[in-house]
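Q: model the following, please.
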Amino acid sequence: IPQNLLKEYPGRMINIHPALLPKHGGKGMYGDRVHKAVMEAGDTEGGITIHYVNEHYDEGEFIYQAKYRIEKDDNLEMIKFKGQQLEHLHYPKIVETLIKKINK
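A: Take a look at the predicted model:
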């Protein structure tokens with residue numbers, strides 16, 4: 001993110017990451033790369049992290065995290081599906097809450 005945007009909108013840019021940060025975050029960690037890293041690590045739970053954007057990849061202040069259980073027979077598609085279900089459930093609520101906070 002360009003510095004001028006970070007300065008213009010401090011505390012107003014958010015990101016949703018398909019893992020429980022700080023695990024499986026950083027430069028190049030997005031989409032299926034994250035889900036694959038979760039599988040390869042043998043994690044027993046996955047999740048999502050909604051966080052503020054700062055000048056470092058996936059290091060902004062956490063706003064919200066939600067978890068799901070990873071079963072032994074879960075494949076990449078199932079892990080991705082479980083994460084997307086959490087994203088669809090929680091992201092709109094978090095955005096709505098943040099908008100209300102900004103508009104006070």
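Q: any idea how far the residue nearest the centre of the chain lies from residue 93?
A: The centre of the chain sits closest to residue 17, judged by CA atoms, centre = their mean, with a distance of 2.0 Å. Look at residue 17 and residue 93: by CB to CB, to the nearest Å, they are 17 Å apart. Bear in mind the C-beta positions are built from the backbone N, C-alpha and C, glycine included.
Q: try residue 29
A: From residue 29 to residue 93 the distance is 25 Å (CB to CB).
Q: comparing those two, which residue is more hemmed in?
A: residue 29 (18 against 11; other CB atoms under 10 Å).
Q: where along the protein do the helices fall?
A: With DSSP state H applied, the chain shows helices at 3-8, 32-41, 76-102, listed in chain order.
Q: so which of the ones you listed gets nearest residue 47?
A: Closest to residue 47 of the helices of the chain is helix 76-102 (CB to CB; 6.6 Å).
Q: so for the closest one, what gets flagged as buried?
A: 79, 80, 82, 83, 86, 87, 90, 91, 98 (16 or more other CB atoms under 10 Å).
Q: what's the farthest-apart pair in those?
A: Among the buried residues of helix 76-102, 79 and 98 lie farthest apart (CB to CB), at 27.0 Å.
Q: from what I can see residue 61 touches residue 52, true?
A: Yes. Residue 61 is within contact range of residue 52, at 4.8 Å (criterion: CB atoms under 8 Å).
Q: roughly how far is the lowest-mean-pLDDT helix or strand in the chain from the heart of the chain?
A: Among the helices and strands of the chain, helix 3-8 carries the lowest confidence by mean pLDDT, DSSP states H and E, at a mean of 93. Per CA atoms, centre = their mean, to the nearest Å, the displacement of helix 3-8 from the mean C-alpha position of its chain is 21 Å.
Q: residues of it that come out buried?
A: residue 6.
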